[in-house]
Each structure stands twice: as structure tokens, then as C-alpha cells.
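A.B. asks: this is a predicted model, with the sequence first.
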Amino acid sequence: MRRFRSALAAGAIGAASLGALFTSSAVAAPYKHVLLVSVDGLHALDLANYMAANPASSLAALAHSGIFYPNALTSAPSDSFPGLVAQVTGGTPKSTGVFYDDSYDRTYFAPGSDCKGAPGAEVAFAENIDVDSTRLDAGGKPGDFRSQIDPAKLPMTLIGGKCSVVYPHDFVRVNNVFEIVKAHGGRTAWSDKHPAYEWLNGPSGKGVDDLYALEQDSLIPGTKVKTTGSFKAERDFDEARLKAVINEIKGLDSTGSQPAPVPALFGMNFQAVSVGQKLPKAGPGDEAGLVGGYKDASGMPNSGLAKQLAYVDGALGELVTALKDNHLADSTLIILASKHGQSPIDPATFQALDDDPYTKTPGYAFHIADDAALIWLKPEDRAKNLGAAQDYLEKSSKAEGIAQLQPPNVLALAYQDPATDSRTPDFIATVNPGVVYTSGSKIAEHGGANVNDRNVALVISSPSMAQKSVPALVETSQVAPTILRALGYDPNELQAVKIEGTQSLPATPF
């Protein structure tokens, strides 16, 4: 069996055979519930270091009754959107069509355009589509994404000759585990950092019963600083959503205002660690002198990041305690994963660069650059500019810290052919370790393909499991079929699993 893997991954860690497609039919459910938790930014190294330094921690307890995969790779590109899309669909951008939370589609039109003019538009699904991104509730009611998302800010596309807005759930090309659980009669819930995460509803638009989305880029009350500008504010942001998940464990909806069945599939992401890795120093509400990021290449956290790691560890303990208190521990599989890592760990390699030269690429339409660059050319004159664009980017390699430029023919093998697919970039530039495109103060980023971007924490845990460490190279896309197996469903109900041959995680006792 051959798994389609991004050429980005080959440059980072190397190829591996990941086994045969799981094809058995649905069986008696090993678990009644799956709690999926993404600690964004958490490397496998962070997890190993934390457990070694804190053997009585919640993280260590999860690993002691579960399987740790130290060589797990997240998606390539390693952005938040494709990172979580992989975990819930079993697919890479090859099948999902999702390369980044800010990308480009050659057939779309700009918001408010009424589909007039030449096709080809930026597709940004983040705080930019909120009714009011300065507010924690995004200007609407958490749990009702249509009250939080302003349709006038959405890209547009022609469907049957009619110009229509594109909601995030319309964007993903394949179904996901939430939709499948719903189809089998199970309740679903999720909490994340933007209302744009309503894409988890999937192509059906109905995957998540209880979506509790708050806006991470909202302003800290009484300031003009975003939540991401403070270690404490980010912990508070996570804490508000943690309470929502605990409400769900207690048999309530996310707001705690009314009874609801405990979801069969539910969970949340934590942002505290990611901000702890990127934020260089203390912000509003923080103790003076806190420092983010790492001390050295060994992954020893500075004081600010250490606080964030300790918070997440405590929060995970609260989730486990809530499961026990509500007699759900034995019937719930916990999956701890991460959408992405963060680069660099070693501060000595950090190099801040300007990504503006990418806008000078001949035939330029759009690019996104964090610690990799994805570049799209204008579709109407793409063919005549390809050669000049490649020459320009190759000549810019030294100045832009490019380690490898992947042109269309390479990307066609890893994903889809950009000549015929509306989403695949024309070029992807992977960078030298430590390069971050920023004009601000952040000291790390994600989105690229280096080891620090992709080697993330991955643990599956339940009280009945024996402790095990599985050194095999695995990918977080394997989480999706594993979720379905845990709940007794056939992984082949996932379209991406069938397209890409994604297997469930190895060594699972179910």
C-alpha cells in the first residue's frame, strides 16, 4: 500500500511505509466516548521533557496508561487548519484541499464581488470573518456560528450559475469524523479559537451539535492588546473553553445552561503553549520579567512557556477528574495530539526575515508565509509567468532563507497538479531551520516542514491501557480512523481514508 505523503515531509524527516489500509467492518464499540485534545505547539520533545521533570503530572499519568508515539508527524504544511483537518478527516491537502487558514482558490471571487471580474481570490478563514473580532464572543453568541460570522466577509463562488458565499464548512472537500458520528446517532461537540472553526461541520454543514468558539484575537479588556499578547490572557482564553468541555462531561451543553447527552465525540484545543512559544516577553496581566520560548536546543522552557505548560497540565487533570467524577473514565478514550509544532526550539537559530519579496514574484496573485511560503500566481496568465517566477524565487533563495523550492511538477506528485486543481499552490518554499517571516516581535512560528514544525506530541490513553511507547513513524492523520475504530465504526466511511489509504494508529488494543 502506498500512502500519499507531501514532498515537504521528505525534506524534514524522510519517507516511511505506514502499512495497509484498515478495511474491517464496524465492530462492537470499544468506547462510548472519545475526547480529542489538541495542545497546539506541543512537540514530542516538550511532552518527553515535561514528563521527565514532572513524573506525577497529568501528562505523565496519561502516558502511563496509554500509548505514546514519539515520532508523530503533523500535516505538511503544518498550519492549524490542515493540522486539525488531518486529525478529523484522515487526509492531507491532496484530498482535503486545505493548505492553510489563509490560502487561495483559483475559482473563487473576493467578498462582496458578486462573482464579477476574473476568478481567483484569497480565502482567509480566521478572525477576519468575525462580526467583531475585537470581542471574545466575536460579536455574536458562542454556539451559534452564524451569529458570529459576517457573510459579507466571506469569499464567493459560482454554484449552478448563482453567486454564493463560501462558509468554512463549504471549503473542505471531504467528510470528517464528526459527521460520521452524527450519522450514527451520536452527539458531537468542539471548542476552538475562532468561529471559523465551524468548518468542522464538514461538507454536510451539520457535523457539530455544540460548537463553542471564542475569538482568540479579541482585545484584552481595558487594553488595545490582543489576547495573544499576554501569557495570562491566553490561559484565561483556554480556561473559558475548558469550562465548556467540563460542562459537556457533566451532561450539560457547553454553556452549562441546559441538559444535553454527553457527546460521543468531543474536545478542544489549547492555545496557551503556542503563545508561550511565540511571545517573547510579559504582556498585560503577566508577572514582570516572564520570558517566552526556549532556553536552548534541548527544549528547556523559559519562564513564560513553563507557566503555559503547567497550566495545560493542570487543565488536563481537570478533564480527567471530571470524567472520573461522572463515571465516564473507563468508557472514554482520550487522544492528546497537536495541530502543529513550532519552530525554532533552539533560539540560537532564530532568524527573522521579511516576506515582502515574495510579492514581487512575476505573475504574483497571493502568498502566505510564516516559516514556509506558499505562492500562487494569477490563474489568467499563470502559464506565461511560471518560468520567470521560478527563476525569481530561485535567485531569492539566499535572501529569503529558502532551503528548498518546490515547483509545480513536484507539488503535483505530493498533492494535486496546480495546473488543474484550484487550491494547490504553484510553489512552496521550505526554509532553513530557524527562519521566521515576521516584522513583529514573535520568536517562533509554524506552517513549515522542519522537524520542529512537524514532530508533535501524540498519546492515546484510557485506564485499561498498558503503558507503551511506539517508535514507528506515524502521522496525525491516523487519528481520524483510530477515532472511528474506538467508537466501533468503519474508518472507510471517511472519504480521505479511502483516497489516501490512511491506516489507524499502530499497536492500539482495539
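C.D. replies: Nice, thanks for sending it over.
A.B. asks: isn't residue 487 right up against residue 264?
C.D. replies: Yes: judged on C-beta atoms under 8 Å, residue 487 makes contact with residue 264 at a distance of 6.3 Å. Backbone N, C-alpha and C define where each C-beta goes, glycine included.
A.B. asks: now the common contact residues for the two.
C.D. replies: Overlap between the contact sets of residue 487 and residue 264, as judged by C-beta atoms under 8 Å, 6 or more residues apart in numbering, is given by 32, 34, 181, 186.
A.B. asks: which among those residues gets closest to residue 211?
C.D. replies: residue 181 (14.0 Å; C-beta to C-beta).
A.B. asks: distance-wise, check that closest one relative to residue 319.
C.D. replies: 19 Å (C-beta to C-beta, to the nearest Å).
A.B. asks: more neighbours: which of the two?
C.D. replies: residue 181 (25 against 21; other C-beta atoms under 10 Å).
A.B. asks: check contacts around that one.
C.D. replies: Per C-beta under 8 Å, 6+ apart, neighbours of residue 181: 188, 264, 265, 487, 489.
A.B. asks: tell me the SS of the closest residue to the fourth one other than its chain neighbours?
C.D. replies: Leaving aside its chain neighbours, residue 487 sits nearest to residue 29 (5.3 Å; criterion: C-beta to C-beta, 6 or more residues apart in numbering). Assigned state for residue 29: coil (three-state reduction, DSSP: H, G, I helix; E, B strand; the rest coil).
A.B. asks: contacting residues for residue 61?
C.D. replies: 317, 320.
A.B. asks: element containing it, please.
C.D. replies: If you go by DSSP states H and E, residue 61 is part of helix 58-64.
A.B. asks: and that helix, which residues are buried?
C.D. replies: Across helix 58-64, burial judged by 16 or more other C-beta atoms under 10 Å covers 58, 59, 60, 61, 62, 63.
A.B. asks: give the next helix or strand downstream of the helix or strand hosting residue 481.
C.D. replies: If you go by DSSP H and E, residue 481 is part of helix 479-486. Toward the C-terminal end, the helix or strand that comes next after helix 479-486 (DSSP H and E) is helix 495-500.
A.B. asks: export the lengthiest helix in the chain as PDB, just CAs?
C.D. replies: Determined from DSSP state H, the single longest helix within the chain is helix 303-325. The C-alpha trace of helix 303-325 is given here as PDB (Å, rounded to 0.1, in the frame of the first residue of the first chain):
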ATOM      1  CA  SER A 303       9.600  31.100  32.500                       C
ATOM      2  CA  GLY A 304       6.700  32.200  30.400                       C
ATOM      3  CA  LEU A 305       6.400  28.900  28.400                       C
ATOM      4  CA  ALA A 306       6.900  27.000  31.600                       C
ATOM      5  CA  LYS A 307       3.800  28.600  33.100                       C
ATOM      6  CA  GLN A 308       1.800  27.700  30.000                       C
ATOM      7  CA  LEU A 309       2.900  24.100  30.100                       C
ATOM      8  CA  ALA A 310       2.000  23.900  33.800                       C
ATOM      9  CA  TYR A 311      -1.400  25.400  33.100                       C
ATOM     10  CA  VAL A 312      -2.200  22.900  30.300                       C
ATOM     11  CA  ASP A 313      -1.100  20.000  32.500                       C
ATOM     12  CA  GLY A 314      -3.500  21.200  35.300                       C
ATOM     13  CA  ALA A 315      -6.300  21.600  32.800                       C
ATOM     14  CA  LEU A 316      -5.900  18.100  31.500                       C
ATOM     15  CA  GLY A 317      -6.000  16.900  35.100                       C
ATOM     16  CA  GLU A 318      -9.300  18.700  35.500                       C
ATOM     17  CA  LEU A 319     -10.700  16.900  32.400                       C
ATOM     18  CA  VAL A 320      -9.600  13.500  33.700                       C
ATOM     19  CA  THR A 321     -11.100  14.300  37.200                       C
ATOM     20  CA  ALA A 322     -14.400  15.400  35.600                       C
ATOM     21  CA  LEU A 323     -14.500  12.100  33.600                       C
ATOM     22  CA  LYS A 324     -13.900  10.100  36.800                       C
ATOM     23  CA  ASP A 325     -16.500  12.100  38.800                       C
END
